[in-house]
Every structure is written in structure tokens, then in C-alpha cells.
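[1] Just to be clear, the model below is a prediction. Sequence and coordinates:
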Amino acid sequence: MLRNLIRLAVLLLIANALYRFVPVYLHHYQFKDAVAEAARFSKDRTDAELVDRVMLLAERYQIPLDREAVQVTRDKQTTYINLGYQELIEWVPTYKRPMPFTVSVDSWH
């Protein structure tokens, strides 16, 4: 009986961690894909407009991003967008840990 209770507790802790982590991870990949698309269609946009677009996407996907963290560089045929942010994830009740995420996108146009 005690062994089953321990197994149930471990299973619930794992389920809780997945419940907290999977949406954050999914939002990260959706955000990364949207930033890649923004870079792909950025030929006629200024760097400031591109940063504004990235910030709008961060708001849409609930990404805690500072404007200063977004770096846009260009050369003749390629646009590069680099950024990094951290999300605080509660893995176990009362135990939170920051998870770093980075997005590095380049797009040829």
C-alpha cells in the first residue's frame, strides 16, 4: 500500500512538471517559427520594424522578452535575428528554476 502511494506521488510530480514545462516549450517553438517567418519576409522592413514585429510575436506567444535582447543584423542577402530570454518554471510545488531559451534565425531573401 505504501509503495503504491509513493509511486502515485512520483507520478503526480512528473505529471505536474510536464504540465508546467510542455506549454512553455511549445510556445518557444511556435515563437521561433514565427520569428523565422518574420525574418523571411523582412526585405522591405527596417530593423526597428522587425524588432517591433518580434516584440508583437513575443506578446502573442506569452514570451517574457526584453526589447534590448533582440539583435537584428543584415548583410546583402541575409537577415539574422538573435535573442535570448528566461522563463521561470515551477518543476515541483515551491521549486522554481529559470530555463534559458535562445532563438537564432537567419533568412536568405
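    Thanks, I have it. Fair warning: this is a prediction, and the values are worked out from it, not measured in the lab. Residues are numbered from 1 along each chain as shown.
[2] what is the mean pLDDT for stretch 46-65?
    Averaged over stretch 46-65, pLDDT sits at 95.
[3] Now do the buried residues in it.
    By neighbour count on 16 or more other Cβ atoms under 10 Å, the buried set for stretch 46-65 is Leu50, Val51, Arg53, Val54, Leu57, Ala58, Tyr61, Ile63, Leu65. Using the backbone N, CA and C atoms, a C-beta is placed for each residue, glycine as well.
[4] helices or strands up against the host helix or strand of the second one?
    Under the assignment given by DSSP states H and E, the secondary-structure element containing Val51 is helix 47-60. Helix 47-60 makes packing contacts with helix 2-40, strand 71-74, strand 78-92 when contacts are defined by 3 or more Cβ pairs under 8 Å, 6 or more residues apart in numbering; DSSP states H and E.
[5] which outside residues touch it?
    With Cβ atoms under 8 Å, 6 or more residues apart in numbering as the test, helix 47-60 has contacts from 31, 34-35, 38-39, 42, 45, 63-65, 67, 70, 72, 74, 79, 81, 83.
[6] at 6 Å what do you get?
    Ala34, Val35, Ala38, Ser42, Leu65, Val70, Val72 (Cβ atoms under 6 Å, 6 or more residues apart in numbering).
[7] Closest one to Met99 out of the residues you listed, please.
    Closest approach between the contacts of helix 47-60 and Met99, by Cβ to Cβ: Leu65, at 14.0 Å.
[8] isn't that closest one right next to Tyr85, touching?
    Yes. Using Cβ atoms under 6 Å, Leu65 makes contact with Tyr85 at a distance of 4.9 Å.
[9] Give me the three-state assignment for Pro64.
    coil (DSSP: H, G, I helix; E, B strand; the rest coil).
[10] What is the most widely separated pair among the contacts of helix 47-60?
    Most distant of the contacts of helix 47-60, by Cβ to Cβ, are Ser42 and Leu65, 17.6 Å apart.
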